[in-house]
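In: Got a predicted model here, sequence first, then my questions.
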There are 2 protein chains.
Amino acid sequence: MTTLLLKKKAIRKSGAAPIYVQVAEILDAEIKLHDDSTLSLPSEGELSREFGVSRVTVRQALKQLEARGVIYSAHGRGYFKKLSRMRGLSGFHSFTSEVRKLGGEPGSIIVDYADARKLPGDFRKHLQAGGDDNNDFICLRRMRTIDGNAIAVETVYLPKSLYPSASRDQFDDASLYAQMTETWGIVPAWTDALFEPTAATSEEAGLLGIEKGAPVLVVWRATVTDTDQVVEYVKSIYKGDGFMLSVSRYRL
Amino acid sequence: MTTLLLKKKAIRKSGAAPIYVQVAEILDAEIKLHDDSTLSLPSEGELSREFGVSRVTVRQALKQLEARGVIYSAHGRGYFKKLSRMRGLSGFHSFTSEVRKLGGEPGSIIVDYADARKLPGDFRKHLQAGGDDNNDFICLRRMRTIDGNAIAVETVYLPKSLYPSASRDQFDDASLYAQMTETWGIVPAWTDALFEPTAATSEEAGLLGIEKGAPVLVVWRATVTDTDQVVEYVKSIYKGDGFMLSVSRYRL
DNA sequence: GAGTGGTCTAGACCACTCG
DNA sequence: GAGTGGTCTAGACCACTCC
């Protein structure tokens, strides 16, 4: 059991982000550097003194990390690094970075890029999107590959109002999530998903290089910010038999 | 827009549960009574006065409800009831109560009940369970039905040490989750899941009343408490084509 | 400007773990 | 008993919304 050493990074008191966010980010970054599975954090009191902030504020940072699943607390013992049980693609985060983390080479091929006035009926039905929602969408359709093998077809509807002056080449090979935050300052916070096991249609089979009727997983998703603004509607079709999607640390 | 009225339920100051938990539960219960989709809550200050507790404590309760997805906060405006976008079975909470909420009649048939010394290999492989984990399990296999129609087969491994003197008839028709908390005081907090779209084997097909090779969804799950104790390992096989599983409010 | 949530503080007491 | 996290308080100031 090793203990996290603090680099005494400065907290900007009257700066941009709230103090507890700064503290959380510093700790998060340092924790991730340790491969060590048995890592303990300094106590609340110690952190409070080190950073020169109140214990309540330190606690707020720690609770945020706990909610994210980065650490856990043990009454009377301390805070410890949490190890994640699952591996595999979640389909919820950045495809690009998830695949890289698993040691594969992610690929993305734009199959279609167009404007759309309305969300298709099946999207509205499954994702309970109101018709009076944001009108005008960008519709992006991409093939997803790992090491050159097709594993999914993804159709994304982006409310146009949130993505000013977006163009096709911006989505070429990059991660959509990275784009969202870097270019447009949109931070995805929650997602709602619907999983439907079904048989591949001939079109899907063609794209994924499988036989018609082979098992696939259709995932419908709506992603929202902390203020409940929908940033994307997604329909993904994943190849079955051997491929797995993971949902880790789902709060019950 | 209606506002939540308070019934001035008494808070037991030095009683069992922490005050913020009591406040959260009172509010949660009252919120759920309102079908009203546009429901606003009393302000933090008002709740603080009503309940006779500090604003920080009220806030802790509200934040807990926000994390659960029951309400959301709007800076400078107040707290509001959150409407859930998704419908459908999540497979993560109580099957019994979820189906009832959807207006169906849930059924459960025990197919098998036995002791097991070890977790099967495929469970260990998919759920990354260490071999030196809790040994000795109860293995429970149940058919899940809605209005008499089979929709899933579920195999659960329960670490025996956590469920003293458990017997087959306890699981007969009841919700396992309700049992966990009521009988053994076990509170599930997080779950990790793996989704695998695949084709039904002949055994699965027989149980679910579908054809061999028809699409099904295999879900592997490990459920843990807040202190990271595994309370169950589950393998569920869901019938495909038309049936959907939902994962709502997943924190990204 | 009044009211709301967002953040922060200093200090207190309790419950749990470990030596 | 010393150290840890868990809960709670009273009071303060800021940022945002709405009138």
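Out: Arrived safely. Just so it is clear, the structure is predicted and the values come from calculations on it, not from any experiment.

In: can you give me the strands for chain A?
Out: A:2-3, A:39-40, A:71-74, A:78-81, A:106-116, A:137-146, A:149-159, A:190-199, A:215-224, A:230-239, A:245-251 (DSSP state E).

In: elements contacting the second one?
Out: Where contact means 3 or more Cβ pairs under 8 Å, 6 or more residues apart in numbering or on different chains; DSSP states H and E, strand A:39-40 is packed against strand A:2-3, strand A:78-81. (C-beta placed from N, C-alpha, C; glycine too.)

In: closest one to chain B among those?
Out: Nearest to chain B, of all the helices and strands packed on strand A:39-40, is strand A:78-81, at 9.2 Å by Cβ to the nearest Cβ.

In: Check the offset of the closest one from the chain's centre.
Out: 24 Å (Cα atoms, centre = their mean, to the nearest Å).

In: likewise stretch A:212-225?
Out: Using Cα atoms, centre = their mean, the offset of stretch A:212-225 from its chain centre is 16 Å.

In: Next one: that stretch, is it in contact with chain B?
Out: Yes. Counting by Cβ under 8 Å from any Cβ of the partner chain, chain B has neighbours in stretch A:212-225: A:214-217, A:222-223.

In: just those residues now: which is nearest DNA strand C?
Out: Nearest to DNA strand C, judged by Cβ to the nearest atom of the strand, of those is A:T223 at 20.4 Å.

In: my read: the closest one touches A:V231, true?
Out: Yes. Between A:T223 and A:V231 there is a contact at 5.3 Å, judged by Cβ atoms under 8 Å.

In: Show me whatever sits in contact with both of the two.
Out: A:P188 (Cβ atoms under 8 Å, 6 or more residues apart in numbering or on different chains).

In: who's more crowded, these two?
Out: Each of A:T223 and A:V231 has its neighbours counted (other Cβ atoms under 10 Å in any protein chain shown); A:T223 has more, 24 against 21.

In: Tell me, how many residues neighbour the residue of the stretch 51-200 of chain A at minimum distance from DNA strand D?
Out: At 3.4 Å from DNA strand D, A:G76 is the closest residue in the stretch 51-200 of chain A, using Cβ to the nearest atom of the strand. The number of residues packed near A:G76 is 5, by other Cβ under 10 Å.

In: which stretches of chain A have low pLDDT?
Out: For chain A, the stretches flagged by pLDDT under 70 are A:7-10, A:12-15, A:36-37, A:84-88, A:128-135, A:172-174, A:226-227.

In: How about the residues of it by DNA strand C?
Out: Residues of chain A found near DNA strand C (Cβ under 7 Å from any atom of the strand) are A:18-21, A:52-57, A:60, A:74-77.

In: 6 Å - rerun?
Out: When proximity is defined by Cβ under 6 Å from any atom of the strand, chain A lies next to DNA strand C at A:18-20, A:53-54, A:56-57, A:75-77.

In: And the residues you listed, which two are furthest apart?
Out: For the residues of chain A next to DNA strand C, the maximum inter-member distance is 28.7 Å, found between A:P18 and A:G76 (Cβ to Cβ).

In: and the closest residue to A:D241 other than its chain neighbours, what is it in contact with?
Out: Closest residue to A:D241 apart from its sequence neighbours, by Cβ to Cβ, 6 or more residues apart in numbering or on different chains: B:T198 at 5.4 Å. Contacts for B:T198 (Cβ under 8 Å, 6+ apart) come out as A:215, A:240-241, B:215-218.

In: Look up how far DNA strand C lies from B:T198.
Out: 42 Å (Cβ to the nearest atom of the strand, to the nearest Å).

In: repeat for A:K212
Out: From A:K212 over to DNA strand C (counting by Cβ to the nearest atom of the strand), the distance is 50 Å.

In: which ones are touching that residue?
Out: Residues in contact with A:K212 (Cβ under 8 Å, 6+ apart) are A:199-202, A:205.

In: Now restrict these to buried residues only.
Out: Buried residues within those, defined by neighbour count using 16 or more other Cβ atoms under 10 Å in any protein chain shown: A:199-200, A:205.

In: now those as TSV including distance to B:G121?
Out: Listed next are the buried ones among the contacts of A:K212 as TSV, based on distance: Cβ to Cβ, whole Å:
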residue	distance to B:G121
A:A199	29
A:A200	29
A:A205	32
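
In: List just the nearest of the residues you listed to B:Q179.
Out: Nearest to B:Q179 among the buried ones among the contacts of A:K212, with distances taken as Cβ to Cβ, is A:A199, at 36.5 Å.

In: separation between the closest one and A:K235?
Out: Noted for A:A199: a distance of 16 Å to A:K235, by Cβ to Cβ, to the nearest Å.

In: just A:P197 next, same as before
Out: A:P197 is 15 Å from A:K235, where distance means Cβ to Cβ.

In: Between the two, which has more neighbouring residues?
Out: Using other Cβ under 10 Å, the more surrounded residue of A:P197 and A:K235 is A:P197, with 30 against 20.

In: residues contacting the residue nearest to A:V53 when sequence neighbours are not counted?
Out: Nearest residue to A:V53, sequence neighbours excluded (Cβ to Cβ, 6+ apart): A:I19, at 5.5 Å. The neighbours of A:I19, taking Cβ under 8 Å, 6+ apart as the test, are A:11, A:13, A:51, A:53, A:57.

In: Generate a ChimeraX selection restricted to the buried entries among those.
Out: Paste this into ChimeraX to select the buried members of the contacts of A:I19, with burial taken from 16+ other Cβ under 10 Å:
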select /A:11,51,53,57
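
In: before we move on, back to that, now the residue of the stretch 51-200 of chain A closest to DNA strand D: phi and psi?
Out: Dihedral pair for A:G76: phi 80, psi 0, per degrees, to the nearest 10.

In: That one and A:D241, how far apart?
Out: 48 Å.

In: next one: A:S90
Out: Using Cβ to Cβ, we find A:S90 at a distance of 19 Å from A:D241.
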